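Novice: need a structure here:
(2 chains)
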Amino acid sequence: MAGDSILFYALSFLIIYFALGVLMNPNPIKAAFNLVLAMVGVAGVFFHLQSGFLGGVQLAVYAGAVMVLFVMVLMIFDLKKERDAFSQGFLGNIGKLLAAGIVVSLVINNVILSSDLQLATSNAAKAESGRDTTKILADLIFTEYVFAFEVLGILLLLVAIGAVSISRIKGGTHADS
Amino acid sequence: MKTSFDLIDLFYISPIIVLFLVSLVPILSKVLNGNKEPSSFFSVFIPVCGGLAAAVLSVGASLYIMGDPNIKSSPLAFSGALIMDGIALWTSFLVSIILCVIILISKENPYTKGKQFSEYIFLLVNSAVGMMIVAWSNDLIVTFIGIEVMSLCLYILIALSNETRHSKEASIKYFILGSFASAIFLYGIALMYGTIGTTYIHEIVQGAREIISINRVFLIGTGMVALGFAFKVSLFPFFNWTPDVYQGSGTPLTTFMATGVKVVSFVAFLRFMTTDILGGVHSEAFITTLQWMAVLTIIVGNVAAILQDDLKRILAYSSVAHSGYLLIGVIVAGADGGQSIGASGVVFYLFAYAIMTLGAFAVVSVLEKDTDTPIKVDDLKGMSSRHPLLALAMCVFMLSLAGIPPTLGFFGKFYLFSAAIAEGFFWLAVWGVVGSVISVYYYLRPLVVMYMSDEAGAGIVDRTPATRFAIVIMALLVILIGLASEPFYMQMQASVLSLY
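Specialist: Modelled structure (predicted):
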């Protein structure tokens, strides 16, 4: 299992490194690319846990589609003022590191102090091949979690209509004057 | 192939199906009508009918469950995603009523009427759908989705206001802080799932007491989930967004947040706290923290309200203080594993609080001429001579919020605090009473201004019949349920406990 551990820690190190990059980088485009790399790392962890489907979705949807939108929006806006407002130099970075450190150490401390760490054994973890996990996931979505799945459909409709109506308010980009 | 749900499950969730379908009516008629705002038949009458239908269906589900001798415990729907107990059905009934009143107020309020009203109604009704999901949810994941449906609608609704500065600020503030709280909430769920292996409340109950005593990761997970709820119901260290957002939003939305969001968040919080997580060995610290949060919320809310002059801001701080009183009930119910009178006390208080807050905010709404002049306490001057009925109604709401007998608010506090004393949380009840005494000062100020000053304040806006109708109904409810609170409370307690 040593190989597994090494892979896990290497991936974790990369994810945390790039996540910190998102926080510390004053340039929003660079921060966005750091976020892409962090998401690729998370996808790597999913593959490592033998859930190939989730890893693929993570790569295609988050690292691919969502981030492209993100970067496109960032490039449309002129972010000079925001850049000055959000990067407060050395002290600001120290503050961000401290805040992240406090949360992480709180969790790590409790993980270590836990005398008996039970780990959930879900259906997905038991499955061996990637094809099985996809099938199990599909089964779960349309049986056990069908209600949550349908509500997410409503949520997407809401967000779509909401985005359109927000752009049409007074002062919005599509306001009819 | 196993099936995952029956027809009866669809019957249980029929209130949200009706509401979702009804929410499509105004926006669809706008689209079919060449992008012209539909008449108030489509945008007010049909949604209000939908809300009433949802209320009737909630009562119907409740009667069906209690009438069927085969149903021993509270039925679960959709393989455990939802639970149909007394609390859930009372809450969905209440949310439907709140929704109807908010629609009526919205049509006549300067912040919300006019352009894009059909989009507004669509988002408002679906926000109520999210609220019902939160109230019914038996799975923390479904709770999370419900909270997101409810909140995302509200972020957009606040930004849709006709007022152009403060509402945008309020919206973005609420959005950023709310998504932060959601992230922490979700992280907490992940930590809990990692240790106990389930997100279903009825399964967490079975192992929570044992696992919280030995596992710190589970403890920190529960802490994070509780923190997410604390933000939503604006408890002490997480209440700072409340006054700003309540003041910046249009008055109907402020009302919706102060009543609907608070009611369902407290119901979900109550469900979560009654999973026996307060019974473990290490839970003493948890209980102590919650108690301090309750006491500080009561003190900070009440003292800050005294210093305000803006009527909406006073009511915002008063809603913070009421969160403190409600937290007392949640602690009492949690410490006893949910079987006590604490749970029904909380539900009754939520009922009382929602009705009187609806009324008080509706009075504010009827005073608003345009979106640029906030309503101060002095604007109520001389209201008793020009609008005696509305002044009397405001009087009833304020006395009820202050907790003076024989109004509904008094009996709400009475059942809540007596449950606390019965469970041994004596000093919490004392702080609750102290807070109520402080609150009398700022609740009576509007009354003094209304009845003892002859100067003319802001006039009532004409052509607001629906809002006035709602105000009178709410005032009557405060008095009548207050007078008949004993049988009403007994009925509520019976249905809450029998379906537990």
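Novice: tell me the average confidence for the top helix by length along chain B?
Specialist: When secondary structure is assigned using DSSP state H, the longest helix within chain B turns out to be helix B:166-196. Helix B:166-196 shows an average pLDDT of 92 in the prediction.
Novice: tell me the angle the very next helix or strand once past it makes with helix B:166-196.
Specialist: Past helix B:166-196, heading to the C-terminal end, the next element that is a helix or strand (DSSP states H and E) is helix B:201-214. Between helix B:201-214 and helix B:166-196, the angle comes out at 70 degrees (axes from the mean of the first three to the mean of the last three C-alpha atoms, to 10 degrees).
Novice: can I get helix B:201-214 in PDB? Just the C-alpha atoms.
Specialist: Listed in PDB are the C-alpha atoms of helix B:201-214, where the atom choice follows Å, rounded to 0.1, in the frame of the first residue of the first chain:
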ATOM      1  CA  ILE B 201     -31.300  11.600   9.900                       C
ATOM      2  CA  HIS B 202     -33.200   8.500  11.000                       C
ATOM      3  CA  GLU B 203     -30.000   6.500  10.600                       C
ATOM      4  CA  ILE B 204     -27.800   9.100  12.300                       C
ATOM      5  CA  VAL B 205     -30.000   9.000  15.300                       C
ATOM      6  CA  GLN B 206     -29.100   5.300  15.900                       C
ATOM      7  CA  GLY B 207     -25.400   5.800  16.100                       C
ATOM      8  CA  ALA B 208     -24.900   9.500  17.000                       C
ATOM      9  CA  ARG B 209     -24.700   9.300  20.700                       C
ATOM     10  CA  GLU B 210     -22.100   6.500  20.600                       C
ATOM     11  CA  ILE B 211     -19.900   7.900  17.800                       C
ATOM     12  CA  ILE B 212     -19.800  11.500  19.100                       C
ATOM     13  CA  SER B 213     -18.300  10.300  22.300                       C
ATOM     14  CA  ILE B 214     -15.300   8.600  20.600                       C
END
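Novice: check the offset of stretch B:434-447 from the chain's centre.
Specialist: 22 Å (C-alpha atoms, centre = their mean, to the nearest Å).
Novice: quick one: the residue positioned nearest the centre of chain A from residue B:53, how far?
Specialist: For chain A, the residue lying nearest the average C-alpha position, counting by C-alpha atoms, centre = their mean, turns out to be residue A:39 (6.1 Å). Per C-beta to C-beta, to the nearest Å, residue A:39 is found 44 Å from residue B:53. C-beta coordinates here come from the backbone N, C-alpha and C atoms, glycine included.
Novice: one step back: is any residue of the longest helix of chain B near chain A?
Specialist: Yes - if you take C-beta under 8 Å from any C-beta of the partner chain as the test, helix B:166-196 does meet chain A, through B:191, B:193, B:194, B:195, B:196.
Novice: the second one: neighbouring residues, count only.
Specialist: In other words, residue B:193. For residue B:193, the count of nearby residues is 18 (other C-beta atoms under 10 Å in any protein chain shown).
Novice: that one and residue A:143: what is the separation?
Specialist: Per C-beta to C-beta, residue B:193 is found 19 Å from residue A:143.
Novice: again with the fourth one
Specialist: In this view, residue B:195 and residue A:143 are 25 Å apart by C-beta to C-beta.
Novice: what's the answer for the first one, then?
Specialist: Plainly put, residue B:191 is 26 Å away from residue A:143 if you go by C-beta to C-beta.
Novice: and these two? which has more neighbours close in?
Specialist: residue B:191 (23 against 16).
Novice: give me the low-pLDDT residue ranges for chain A?
Specialist: Low-confidence segments of chain A, defined by pLDDT under 70, span residues A:1, A:78-89, A:110-131, A:176-177.
Novice: try chain B
Specialist: Within chain B, the stretches falling below the threshold (pLDDT under 70) are B:1-4, B:72, B:337-341, B:457-458, B:498-500.
Novice: so where do the helices sit in chain A?
Specialist: Under the criterion DSSP H, chain A contains helices at A:2-24, A:28-48, A:52-57, A:67-76, A:80-86, A:89-113, A:123-126, A:130-142, A:146-167.
Novice: hmm, I was thinking of the stretch 251-400 of chain B
Specialist: Here the stretch 251-400 of chain B has its helices, by DSSP state H, counting those that start in this stretch, at B:251-256, B:262-273, B:283-306, B:311-335, B:341-367, B:383-386, B:388-402.
Novice: highest mean neighbour count out of these?
Specialist: The densest packing among the helices of the stretch 251-400 of chain B, expressed as mean neighbour count by mean count of other C-beta atoms under 10 Å in any protein chain shown, is seen in helix B:251-256 with a mean of 29.
Novice: and that helix, how far out from the chain middle?
Specialist: Per C-alpha atoms, centre = their mean, the displacement of helix B:251-256 from the mean C-alpha position of its chain is 11 Å.
Novice: touching chain A at all, it?
Specialist: No - against chain A, helix B:251-256 shows no contacts by C-beta under 8 Å from any C-beta, the least distance being 13.9 Å.
Novice: report the buried residues of the longest helix of chain B.
Specialist: Of the residues in helix B:166-196, B:166-168, B:170-171, B:173-175, B:177-178, B:181-182, B:184-189, B:191-196 count as buried by neighbour count, 16 or more other C-beta atoms under 10 Å in any protein chain shown.
Novice: with stretch A:137-146 instead?
Specialist: For stretch A:137-146, the neighbour count (16+ other C-beta under 10 Å) marks A:137, A:140, A:143, A:144, A:145, A:146 as buried.
Novice: returning to that earlier point: now for the longest helix of chain B, which elements pack on it?
Specialist: When contacts are defined as 3 or more C-beta pairs under 8 Å, 6 or more residues apart in numbering or on different chains; DSSP states H and E, helix B:166-196 sits against helix B:140-159, helix B:201-214, helix B:216-232, helix B:241-248.
Novice: what about the longest one, near chain A?
Specialist: Yes - in terms of C-beta under 8 Å from any C-beta, part of helix B:140-159 sits within range of chain A, namely B:141, B:142, B:145, B:146, B:148, B:149, B:152, B:153, B:156, B:159.
Novice: residues in contact with residue 42?
Specialist: Chain wasn't specified; assuming chain A. Applying C-beta atoms under 8 Å, 6 or more residues apart in numbering or on different chains, one finds that residue A:42 lies in contact with A:15, A:58, A:62.
Novice: actually, chain B is the one I wanted.
Specialist: Residues in contact with residue B:42 (C-beta under 8 Å, 6+ apart) are B:25, B:26, B:29, B:118.
Novice: from residue B:382, how far out is the closest residue in space to the first one that isn't next to it in sequence?
Specialist: So that's residue B:25. Nearest-residue entry for residue B:25: residue B:46, 5.0 Å, with adjacent residues in sequence omitted and distances by C-beta to C-beta, 6 or more residues apart in numbering or on different chains. Between residue B:46 and residue B:382 the distance, using C-beta to C-beta, works out to 39 Å.
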